[in-house]
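S.K.: Provided below are the primary sequence and the corresponding predicted coordinates.
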Amino acid sequence: MKGLFITFEGPDGAGKTTQIKKLAEYLENKGIPYIHTREPGGTRISDKIRSLILDPANEEMVNETEVLLYAASRSQHVKEKILPALNEGKIVLCDRFVDASIAYQGYGLGISVEQVKEINRFATGGLAADRSYLIDLPVEEGRNRMAARYETQTNGQGLDRIEQKHADYHQTVRQAFLKLAEENANRIQLINGNRNAEMIFEEIKEDFETFYINTFNKE
Ligand SMILES: Nc1ncnc2c1ncn2[C@@H]1O[C@H](COP(=O)(O)OP(=O)(O)OP(=O)(O)O)[C@@H](O)[C@H]1O
Ligand SMILES: Cc1cn([C@H]2C[C@H](O)[C@@H](COP(=O)(O)O)O2)c(=O)[nH]c1=O
């Protein structure tokens, strides 16, 4: 595999999409080939699964179904889109990956973390991110940002099924992400998301440049 797999993680509303767009623009300006994708989603089938998972009408969805649907969406995404791009030598910028399933379904829903990892090993064939940016933000601040976004950008569309879960659930998820960052300090860069977007991007850009140069030994 010749490319680089970069993921962005964090609690809802932390600013992942904003930062991925900035990194995509940076790569575009440098002429470095990349794709920008997201989970759940990224392919036709994965997007259909996304709609099923996030539809607030599916309130009877059981935890086992939820973890398996995220993994099903991911397996299609990995085989159809991520691996081909990596094999072509591209940088893959992905909004969420397996860490999200460990945090939201493992720690958040109380499913065994080992089981979540095993299901995802099967779904991804063991593919792991090369570098991950965990954008951390207090849950309340993320919820305020999302509320403002829904008022201004989504035509009054409400929160999805996961966003609607109780604040305690989202606190557990945030703590799980912090634990993952501590346990995987070589891969996951912990980023304070409670700053302006430009400052956050400076930190990500600096780290990415170092990582890129060290990986490809390029100036
Ligand atoms: N550093 C920042 N400071 C203040 N507001 C921000 C910042 N970054 C992003 N926002 C705003 O917060 C909202 C959520 O940002 P964004 O969509 O980038 O987050 P996200 O983590 O991708 O969200 P989600 O979890 O829903 O996918 C948007 O309205 C965005 O403009
Ligand atoms: C990949 C993945 C995502 N989630 C949750 C996290 C969000 O609340 C939604 C949708 O993601 P977005 O960033 O708002 O587009 O899904 C999850 O629970 N488990 C996962 O594996």
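M.R.: Sure thing, it's come through. Ligands and ions are numbered 1, 2, ... in the order given.

S.K.: and Tyr34, its phi and psi?
M.R.: The phi and psi torsions at Tyr34 (degrees, to the nearest 10) take the values phi -150, psi 160.

S.K.: I misspoke; the intended subject was Phe5.
M.R.: phi -110, psi 110.

S.K.: next SSE after the worst-scoring helix or strand of the chain on mean pLDDT?
M.R.: One helix or strand of the chain scores below all others by mean pLDDT, DSSP states H and E: helix 139-153, with a mean of 84. Counting by DSSP states H and E, the next helix or strand C-terminal to helix 139-153 is helix 167-183.

S.K.: I'd like the distance between the one residue in the chain that gets nearest to ligand 2 and ligand 1.
M.R.: Using Cβ to the nearest ligand atom, Tyr104 is the residue of the chain that sits closest to ligand 2, at 3.1 Å. Any C-beta I mention is one placed from the backbone N, CA and C, and that applies to glycine too. To ligand 1, Tyr104 is 11 Å away according to Cβ to the nearest ligand atom, to the nearest Å.

S.K.: and this protein, which residues reach ligand 1?
M.R.: Residues of the chain lying near ligand 1 by Cβ under 6 Å from any ligand atom: 10, 12-18, 145-146, 148-149, 196-197, 200.

S.K.: now with 8 Å, please.
M.R.: The chain has residues 8, 10-21, 38, 95-96, 135, 142, 145-146, 148-149, 152-153, 163, 193-197, 199-200 near ligand 1, with proximity defined as Cβ under 8 Å from any ligand atom.

S.K.: mind checking the longest helix of the protein?
M.R.: In the chain, with assignment by DSSP state H, the single longest helix is helix 197-216.
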